[in-house]
Each structure stands twice: as structure tokens, then as C-alpha cells.
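Peer 1: please find the sequence and the predicted model below.
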Amino acid sequence: MAGPGARWKRHIVRQLRQRDRTQKALFLELVPAYNCLLEKAELLARISEKLQPKPNDVTPATLQGPWEEESGPDSDLVPSSSTLRVKWQEKEEGLRLVCGEMAYQVVAKSAALGALESTLEQRQSTLAALQARVAELREEQARQTRQVDAQRALNVAQRAAYEALRGRARLQEAALRRLEEEARDLLERLVQRKARAAAERNLRNERYEKAKQARMSLELKAAAQRTVSISESPNTIGDGIREEGKTLALMAEPVSPKSEAGEKWLRTFSFKKRRGRSIGGASEQRYQSIPVCVAAQPPSQVLDVLDAHLSEVNAVCFGPNSSLLATGGADRLIHLWNVVGGRLEANQTLEGAGGSITSVDFDPSGSQVLAATYNQAAQLWKVGEAQSKETLSGHTDKVTAAKFKLTRHQAVTGSRDRTVKEWDLGRAYCSRTISVLSYCNDVVCGDHVIISGHNDQKIRFWDSRVPCCTQVIPVQGRVTSLNLSHDQLHLLSCSRDDTLKIIDLRVSNIRQVFRADGFRCGSDWTKAVFSPDRSYALAGSWDGALYIWDVDTGKLEGSLRGPHCTAVNAVAWCYSGSHVHSGSRGLWAGGSRTPGLGPLSSTCRAGQSQSDLSAVHI
């Protein structure tokens, strides 16, 4: 494609050709006339030369032509040569005048032509400049046109984006209005629920006060009807307390001192002296024995269902005497239940937790409850007091596990902030912080050992007397829970690869792996436990079923499908082996019971009777 320069050059050539044609048209008549005049002048010159006499002529007779001889009487009519000469001279003179005038006109015309040519050159230069300016303006116009096209395209795109944004804004406004309506509905429902909860709490407090007054009245009546005698010999405990009226203490069957299991699990009674003179006054502290389980039996059917928590249940734990059960859930409440004849009766509600309850544990005496919460702290309650006694703060993320050590004055917590902390409960002071490379999901404690399960598929061992990790055992899958056998020789772990593993702590290796068709971990805090005699392993599945494995054979003993309809998060097997309780995300908790057992020193012997499953609907 030719550029702008070629266009103006062609335009100049066209203008020059037009000028040539115009100038040539002016001289088309003048040049032939001038040529004709020159021809006539030349002819006249030749005639004049012929007419002039020669010097050697003597007589005019020699110049006479034939017409003169033949002319007769008419010879007077023929002009003479002189006359002709004069005429030709006049004509020649006239022609010369004409030629002069025409030459003058030619000069004038030439001068006018030069002026016109100069004017034409000026105009052509002006035209070239104007044409160059026109070319520049056309280039500028083309550039502006391109910019306008680009701006129009941009405007079209921006308009489309604007329309899209308007559509999104309309959708978001509709969603906002819908969310505002839902928020108003939720607020109204929350206010109504708070009102119901306040009414229920007031009713519960009123019932608790009435029950407390009735219990106190019964205790005073019983104390007035009984006679207490204190023996001086410490070995005569059975003869030291005699009751004539209604007996309030629990009776236990004697266990033979020759029995190794009895020596292992039986704890002797100890009483503290009472202060004051009131015979019916309560003792400062009461210690109860831990029931003995020689041979546990797996549960077989659902026995009890109750309604308690407002949200999912994350933790279930038995007290040391197996007669008290604690359940904690996402509603930030801990409920204490009395296990009476295979049924659960509401005992107390512990309040004041700052977040969802993820773990619950009793101290060895059963007088305190420790809970891990989602508000970056663990909290301590005293049984019998509704409000929290201490708050163990120091973690920077959710606390996922909180366990007592073998004494009631020390505890261990694990958190998602990748730390494990040891606590002195007497001073509510963190005595040690252990930094780990992964989230901690559960902890268990031995004599001097802390065992933690982590999100990086590893189980770590820590000695309270040394600052570093003593051992690491890798497992397949994220560890969700740990459970230590009562003899502290075996560790049961549950992980997200849908398996349970038994680790022999004497040789520090995995002894058995339990799997089952249909068993799957439902969450990162799914719990698995040993039976008290370590004969069975129990865990809940994502489908609401409980799976029981035989530890000796490694085979699946059976599965129980009761009232749970969602994933079972927590299970607990009481120390006496008579009850199994479970909690699920579907607001259920359950337990198993063996009928016909005694109140205190009962044992669940193999082959005695098949135990039943009871469930608590939370």
C-alpha cells in the first residue's frame, strides 16, 4: 500500500500536466497564425526580389512581357511594375507591422506566462504544503479513529462488565436480604431458645434446690436414727461403723487377697476424721473404691435412651467408681449422670465453658472434672459446683485434649497450636511447654510418660524428667485418639486410615491392627477404648455403629447398631466392665449394662451373663 508521500507526488504530477494543457491551449491559435505570417513574409520577399530590375537592363523593352506585345488597346488597364512594387512594399510594410505587433504580443504573452508560471509555482508550493498538512491531518484522523474505535471497544467491554456487576450486585443484594431475613429468624429463634434455656435452668435450679433440701432432710433423719461408734484399732474398719437405720454408704463384696486382679484393681477404704461435734455432718472428703473387673463381656443391645444436650456429643467419661458419668458437647455444657441400675439419672450440669467441649476427664479421686474447650483453654470443675473452678489458659488455638496425670494436682493438655503443656493445678501454672511439629489430637499419661497422638500420623513419647522426645512411632493415618491400658503396658490408637492399632509399650512396636468392613472414622476426634480387662477394643463408626474386636484373637467380635444415626465420636467403658456409653454427632450417647451386678465390689466374670447396651440420647 502506497504511503501518503506517493499520493501528494502523484497529485503534483497531475497538476503539472493540467497546467501544460492549459498553457498549450493558449498558444494553439497563435502559433499557426505566426507560422502563416512567416510563410507569407517569405513569399513576399521572394516576389520582391523577382520584381526588382536588374542593373544591365538598357531599355524597358527587354522587360516587357508577352502581355505587352499582345496587348493592344487595353494595355492601359494593366498596372505597371512600379505600381505593383509599391503595392507589395505597402503590403510588406503592413505585414512587418503586423509581425512586429505579433512579436510584441508574443513577448507580452511570454512575460504574462512567466508571471503565471511563478504564480503557479507559488500556488503549487502552497498546494504541496497544504497537501502535506492534509496528509498529516489524515494520519491524525486515522490515529484518532483508531483511538475512538479502541475506546468504543473498551466502552463496550466496560458496559458488559458493568452489566455483569449490576447482575452480581442484584444477586448479592437478594442474598443479603435473604441472609438478613435468616439472621432475624435465627435471632428470634435464639432469643426464644435463650428464654427456654433460662426457664429450664430456673426450673432445674429449683428442682436441684428442692432435691438438695429433701436429701438434706433425709440425711438428717437418717443421722438421727443411726448410732456411730469409732473403734481405736485401724484394722477393724468393718466393726468401726455400724448403722441401725437406713444405710447410706455403698456395700462391697470382699475380694480375696490371693487374687492378682483383686490386688491390682482394689483400693482400700480410707476415712478422714470429722471436725466438729455434729454427728450428722458430712465428711470433708470421701474416697470410694474402684470397682474390679476380672472378665468383661461385650454389650449386646440398647437399654437406655435419654435427651440431654442441645448439640453433638464430643466426649464421654466415667468416674473412678463407675457410678458417675460425664458427657460434654458443642453446647458448652458438661452433664453429670448417675448410673443407677442400668439407667442414667441427671445429677448436675457444669457451666461456664468458653467453647465447645472436646475432652472430659475425672481426677483419680473422682472429685474434679477437667475439660478441653475450643476457647484456647482447659477448665477445671469441682464435682458439686456448677461454675468453673480454674481456667488453664496459655494455648493459642483450640485445645483438643486434657487429661489428669496419676495425681489430682497435675494435668496435661494438647492443642492445635502444636504444643503439649503440663500443668500444676494447685497453682494453675504451666510447668512445662512441649513444642511439636504437628497438631495434637489426644494425650494419655503414665507414671512419668506423656504420650501424644498427632495429625502428622505419628505417636510421640515424652518423659517428664527429660526435655526432649524419647520415642516416635509412625502409624498410617492421622491419630484421632489414644487409650492406655490399666497395666500401662499396651496403647490403643485410632487413626483416620480406619484402623485401630495396639502398641506393646514393652517392645515399642505395633502388635495388632484391627479392621472391619463398614468401619470408618467419622472425625478427627473419634475415640476408641480398651475394656477394663483389656480383652476387647471398642470404637464407634461413621454410620452410627459400635464395633468390638477381641484383643486376643484379633477378630471382630461384633457390631452394634442402636439409636445412633450419625458418626459416633466418643465411647467409654466403665471400670467395672458393666457399662459402655457412646456419644455421636447426631446428639446421641449410649451405654451397656450387665444385669444382676452388685453395687460396689461387683465383678463381671466371663460366662456369668451377657451384658446389654444402653444408650443416652443427648
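Peer 2: Received, thanks.
Peer 1: where is the longest helix in this structure?
Peer 2: helix 81-225 (DSSP state H).
Peer 1: now that helix, how far from the centre of its chain.
Peer 2: Relative to its parent chain, helix 81-225 has a centroid offset of 37 Å by C-alpha atoms, centre = their mean, to the nearest Å.
Peer 1: packing partners of it?
Peer 2: helix 4-27, helix 30-51 (3 or more C-beta pairs under 8 Å, 6 or more residues apart in numbering; DSSP states H and E). Yep, even glycine has a C-beta here, placed from its N, CA and C like the rest.
Peer 1: select, out of the ones you listed, the one closest to Asn314.
Peer 2: helix 4-27 (83.1 Å; C-beta to C-beta).
Peer 1: that closest one packs against which elements?
Peer 2: Short answer (3+ C-beta pairs under 8 Å, 6+ apart): helix 4-27 packs on helix 81-225.
Peer 1: pLDDT of the helix it packs on, averaged?
Peer 2: Regarding helix 81-225, the rounded mean pLDDT is 87.
Peer 1: that one to helix 4-27, inter-axis angle?
Peer 2: In terms of direction (axes from the mean of the first three to the mean of the last three C-alpha atoms, to 10 degrees), helix 81-225 departs from helix 4-27 by 160 degrees.
Peer 1: point out where the stretch 451-600 of the chain drops to low pLDDT.
Peer 2: Scanning the stretch 451-600 of the chain for pLDDT under 70 picks out 585-600.
Peer 1: ugh, typo on my part, it should be the stretch 301-450 of the chain
Peer 2: 307-308.
Peer 1: for it, what spans make up the helices?
Peer 2: Using DSSP state H, counting those that start in this stretch, no helices are found in the stretch 301-450 of the chain.
Peer 1: that one: strands as residue ranges?
Peer 2: 313-318, 324-329, 334-340, 343-350, 357-362, 368-373, 377-382, 390-393, 399-404, 410-415, 419-424, 429-435, 440-445, 449-454 (DSSP state E, counting those that start in this stretch).
Peer 1: now distance to Glu29 and mean neighbour count too, for the ones you listed, in JSON lines please.
Peer 2: JSON lines is the format used below for those (distance: least, C-beta to C-beta, whole Å; neighbours: other C-beta atoms under 10 Å):
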{"stretch": "strand 313-318", "distance to Glu29": "122", "mean neighbour count": "27"}
{"stretch": "strand 324-329", "distance to Glu29": "124", "mean neighbour count": "26"}
{"stretch": "strand 334-340", "distance to Glu29": "130", "mean neighbour count": "21"}
{"stretch": "strand 343-350", "distance to Glu29": "132", "mean neighbour count": "18"}
{"stretch": "strand 357-362", "distance to Glu29": "121", "mean neighbour count": "25"}
{"stretch": "strand 368-373", "distance to Glu29": "122", "mean neighbour count": "27"}
{"stretch": "strand 377-382", "distance to Glu29": "122", "mean neighbour count": "23"}
{"stretch": "strand 390-393", "distance to Glu29": "122", "mean neighbour count": "18"}
{"stretch": "strand 399-404", "distance to Glu29": "120", "mean neighbour count": "26"}
{"stretch": "strand 410-415", "distance to Glu29": "119", "mean neighbour count": "25"}
{"stretch": "strand 419-424", "distance to Glu29": "119", "mean neighbour count": "20"}
{"stretch": "strand 429-435", "distance to Glu29": "118", "mean neighbour count": "13"}
{"stretch": "strand 440-445", "distance to Glu29": "119", "mean neighbour count": "24"}
{"stretch": "strand 449-454", "distance to Glu29": "118", "mean neighbour count": "23"}
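Peer 1: reformat those as JSON lines; add distance to Arg168.
Peer 2: As requested, these are exported to JSON lines (distance: least, C-beta to C-beta, whole Å):
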{"stretch": "strand 313-318", "distance to Arg168": "39"}
{"stretch": "strand 324-329", "distance to Arg168": "40"}
{"stretch": "strand 334-340", "distance to Arg168": "46"}
{"stretch": "strand 343-350", "distance to Arg168": "48"}
{"stretch": "strand 357-362", "distance to Arg168": "39"}
{"stretch": "strand 368-373", "distance to Arg168": "40"}
{"stretch": "strand 377-382", "distance to Arg168": "42"}
{"stretch": "strand 390-393", "distance to Arg168": "44"}
{"stretch": "strand 399-404", "distance to Arg168": "40"}
{"stretch": "strand 410-415", "distance to Arg168": "40"}
{"stretch": "strand 419-424", "distance to Arg168": "44"}
{"stretch": "strand 429-435", "distance to Arg168": "46"}
{"stretch": "strand 440-445", "distance to Arg168": "41"}
{"stretch": "strand 449-454", "distance to Arg168": "43"}
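Peer 1: nearest to Ala103, out of these?
Peer 2: Nearest to Ala103, of the strands of the stretch 301-450 of the chain and by C-beta to C-beta, is strand 429-435 at 122.9 Å.
Peer 1: the closest one pairs with which strands?
Peer 2: strand 419-424 (antiparallel) (DSSP bridges).
Peer 1: chain center to the partner strand: distance?
Peer 2: Distance, centroid of strand 419-424 to centroid of chain: 31 Å (C-alpha atoms, centre = their mean).
Peer 1: need the CA coordinates for it. PDB is fine.
Peer 2: The C-alpha coordinates for strand 419-424 follow below in PDB (Å, rounded to 0.1, in the frame of the first residue of the first chain):
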ATOM      1  CA  THR A 419       2.100 -27.700  71.800                       C
ATOM      2  CA  VAL A 420       1.600 -30.000  74.700                       C
ATOM      3  CA  LYS A 421       1.600 -28.400  78.200                       C
ATOM      4  CA  GLU A 422       2.000 -29.800  81.700                       C
ATOM      5  CA  TRP A 423       0.100 -28.000  84.500                       C
ATOM      6  CA  ASP A 424       0.400 -27.700  88.200                       C
END
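Peer 1: and it with strand 399-404, angle?
Peer 2: Strand 419-424 and strand 399-404 are oriented at 30 degrees to each other (the same axes, to 10 degrees).
Peer 1: which residues are contacting strand 419-424?
Peer 2: If you take C-beta atoms under 8 Å, 6 or more residues apart in numbering as the criterion, strand 419-424 is touched by 378, 392, 394-395, 409-415, 429-436, 440, 443, 450, 452, 462, 464.
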